[in-house]
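Colleague: The sequence and its predicted three-dimensional model are supplied below.
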Amino acid sequence: MRWIIAAVIGTALGAGTASARPAQGYRAGQKIDLEVASCGDAVCEVRTARAFRVMARAASKDGVDLAVRSGFRSRTKQAALYKAYRKGEGNLAAAPGFSNHESGRALDLYVTRGEALRWLEKNGTHYGFHRTVPGEAWHWEYLADGDREHLHRKPTS
Ligand SMILES: [Zn+2]
């Protein structure tokens with residue numbers, strides 16, 4: 001009997017956030033504690049991960065593959081990207097502590113195949129994902145209802 005209960009609990013967790021783990025992130029320069037979970041081939045903030053899974057499933061039903069190139073970034077990673085950007089060697093990157101990748105809410109998606117971008121532009125907001133950086137078609141952020149004001153602040157890449 002005990003193993004059946006364990007199996008049921010295991011299955012329930014597996015459907016939710018079994019892989020969630022705590023992480024140290026940043027938002028607007030402030031340290032924040034967050035939980036991250038797997039998000040395609042990357043990791044991202046746990047609610048973002050959940051929303052992405054739902055969205056990816058819907059896209060898949062439409063024959064579109066959504067894949068994540070970059071999700072949550074540690075401060076160290078962001079610092080390296082910012083340094084590269086400042087040297088003219090990388091994409092636009094926000095200063096360490098100020099990227100939404102450090103809050104785990106931003107996803108860089110593969111959009112080189114036009115159909116993924118077209119699908120996102122049509123359906124992304126329905127799942128809470130917004131394209132927030134002009135000129136970066138791949139950068140989408142998960143903004144739940146209370147977070148929409150973030151749409152109007154300085155873009156963070
Ligand atoms: Zn990005």
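Modeller: Cool, got the structure. Quantities reported herein were computed from a predicted structural model and do not represent experimental measurements.
Colleague: So the residue lying closest to H139 once chain neighbours are set aside, which state does it fall into?
Modeller: With sequence-adjacent residues excluded and distances taken as CB to CB, 6 or more residues apart in numbering, H139 is closest to V133, at 4.5 Å. Placement of C-beta: from N, CA and C, glycine included. With DSSP: H, G, I helix; E, B strand; the rest coil as the basis, V133 sits in coil.
Colleague: so how far is R57 from V133?
Modeller: V133 sits 25 Å away from R57, taking CB to CB, to the nearest Å as the criterion.
Colleague: Also A93?
Modeller: 30 Å.
Colleague: more crowded one of the two?
Modeller: Ranked by neighbour count (other CB atoms under 10 Å), A93 and R57 place A93 first, with 22 against 11.
Colleague: Angles on the backbone of the more buried one, please.
Modeller: Dihedral angles of A93 (phi, psi; degrees, to the nearest 10) stand at phi -140, psi 140.
Colleague: gap between the residue nearest to R21 when sequence neighbours are not counted and N100?
Modeller: Closest residue to R21 apart from its sequence neighbours, by CB to CB, 6+ apart: V36 at 6.2 Å. V36 is 14 Å from N100, where distance means CB to CB.
Colleague: Which one of those two is surrounded by more residues?
Modeller: Neighbour tally, V36 and N100, criterion other CB under 10 Å: the higher count belongs to N100, 29 against 22.
Colleague: Look up the closest residue to that one, ignoring the ones flanking it.
Modeller: Leaving aside its chain neighbours, N100 sits nearest to A106 (3.9 Å; criterion: CB to CB, 6+ apart).
Colleague: Share the number of residues neighbouring that neighbour, please.
Modeller: Residues lying near A106 (other CB under 10 Å) number 27.
Colleague: ok and the residue in this structure nearest the ion?
Modeller: In the chain, the residue that lies nearest the ion is H139 (3.6 Å; CB to the ion).
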